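Novice: can you look at this prediction? I've put the sequence above it.
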Amino acid sequence: GAVVSQHPSRVICKSGTSVKIECRSLDFQATTMFWYRQFPKKSLMLMATSNEGSKATYEQGVEKDKFLINHASLTLSTLTVTSAHPEDSSFYICSAGGQGYGYTFGSGTRLTVV
Amino acid sequence: SQELEQSPQSLIVQEGKNLTINCTSSKTLYGLYWYKQKYGEGLIFLMMLQKGGEEKSHEKITAKLDEKKQQSSLHITASQPSHAGIYLCGADNAKTSYDKVIFGPGTSLSVIP
């Protein structure tokens, strides 16, 4: 079945630095990739939708300059958290749009900013 | 915008008991998805429902979508500790292209041995 590989699974960074999270679709072409954020004991919140070769569409309230999304190829999308601060600490998860049996999610990335 | 509500917010059941989780949409759904998650981990796809009145089962889990396609229920029969986790319903409005999935707030399930 469809697999989305997300890494790193965990990352700790210093405040002010940038962190890049990658999502790769391993055996299918992901024309659309979604990025979600999850706060402790909360549901997933959609941050942005990216389509291969075009600019990402951000949800209201999500800072596009802080969360840079690149979807340069059909198998790779990246989320870069720029100038990270402790309040950016969260669980980030990507998903690729529907393969006939639901959206395929990555395994998530736990970001801790210290 | 579409919103999803889930009830109950949390559930604690004795092992072996049946339980039901509900998901209600403010709009007619095109696709309704059920996922299970252990916090901090990826989502596990359970089932997708698209047709009004559709019902699907996998092992001890049954999901239904009502005729109006605005409500779905997830029923677990003879619950086990392995069923514990957060259950999320998600919905999209896409008919011909992949659309974003909006999630409900989740239902936290604990199963007491």
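Specialist: Structure received.
Novice: can you give me the strands for chain A?
Specialist: Ranges of strands in chain A, per DSSP state E, are A:4-7, A:10-13, A:19-25, A:32-38, A:44-51, A:57-58, A:67-73, A:76-81, A:90-96, A:104-105, A:109-113.
Novice: surely B:Gln9 touches B:Thr107?
Specialist: Yes - the criterion here is CB atoms under 8 Å, and B:Gln9 meets it with B:Thr107 at 6.5 Å. The C-beta positions use only the backbone N, C-alpha and C, and glycine is treated the same way.
Novice: quick one, which of these two is more surrounded?
Specialist: Neighbours were counted for B:Gln9 and for B:Thr107 using other CB atoms under 10 Å in any protein chain shown; B:Thr107 has more, 23 against 10.
Novice: for B:Ile61, see how far away that one is.
Specialist: Look at B:Thr107 and B:Ile61: by CB to CB, to the nearest Å, they are 13 Å apart.
Novice: tell me which parts of chain A are close to chain B?
Specialist: Within chain A, the positions lying close to chain B (CB under 8 Å from any CB of the partner chain) are A:6, A:31-32, A:34, A:36, A:40-46, A:49, A:91, A:93, A:95, A:97-98, A:101-108, A:110.
Novice: list buried residues within the residues you listed.
Specialist: For the residues of chain A next to chain B, a burial check counting by 16 or more other CB atoms under 10 Å in any protein chain shown picks out A:6, A:31-32, A:34, A:36, A:43-46, A:49, A:91, A:93, A:95, A:97-98, A:102-108, A:110.
Novice: report the distance from stretch A:33-40 to the chain centre.
Specialist: On the basis of CA atoms, centre = their mean, to the nearest Å, stretch A:33-40 sits 7 Å off its chain's mean C-alpha point.
Novice: name the surrounding residues that touch that stretch.
Specialist: Contacts with stretch A:33-40, where a contact means CB atoms under 8 Å, 6 or more residues apart in numbering or on different chains, come from A:23, A:44-50, A:67, A:69, A:71, A:77, A:79, A:90-97, A:103, A:108, B:39, B:100-101, B:103.
Novice: report whether the helix or strand bottoming out on mean pLDDT in chain B contacts chain A.
Specialist: Ranked by mean pLDDT, DSSP states H and E, the helix or strand of chain B with the weakest confidence is strand B:102-103, at a mean of 84. Yes - residues of strand B:102-103 are located near chain A by CB under 8 Å from any CB, namely B:102-103.
Novice: check stretch B:16-35 too.
Specialist: Yes - using CB under 8 Å from any CB, we find that stretch B:16-35 touches chain A at B:31, B:33, B:35.
Novice: on that earlier part again, and the least confident helix or strand of chain B, which strands flank it?
Specialist: strand B:85-92 (antiparallel) (DSSP bridges).
Novice: check contacts around B:Leu88.
Specialist: A:43-44, B:6, B:34-37, B:43, B:103-104, B:106-107.
Novice: correction: the previous question concerned B:Ile86.
Specialist: With contact set as CB under 8 Å, 6+ apart, B:Ile86 has these partners: B:36-39, B:106-109.
Novice: show the pLDDT at it.
Specialist: Listed pLDDT for B:Ile86 reads 91.
Novice: B:Ala91 too?
Specialist: 85.
Novice: so what's it closest to, chain neighbours aside?
Specialist: Once flanking residues are discounted, B:Ala91 sits nearest to B:Leu29: 4.8 Å by CB to CB, 6 or more residues apart in numbering or on different chains.
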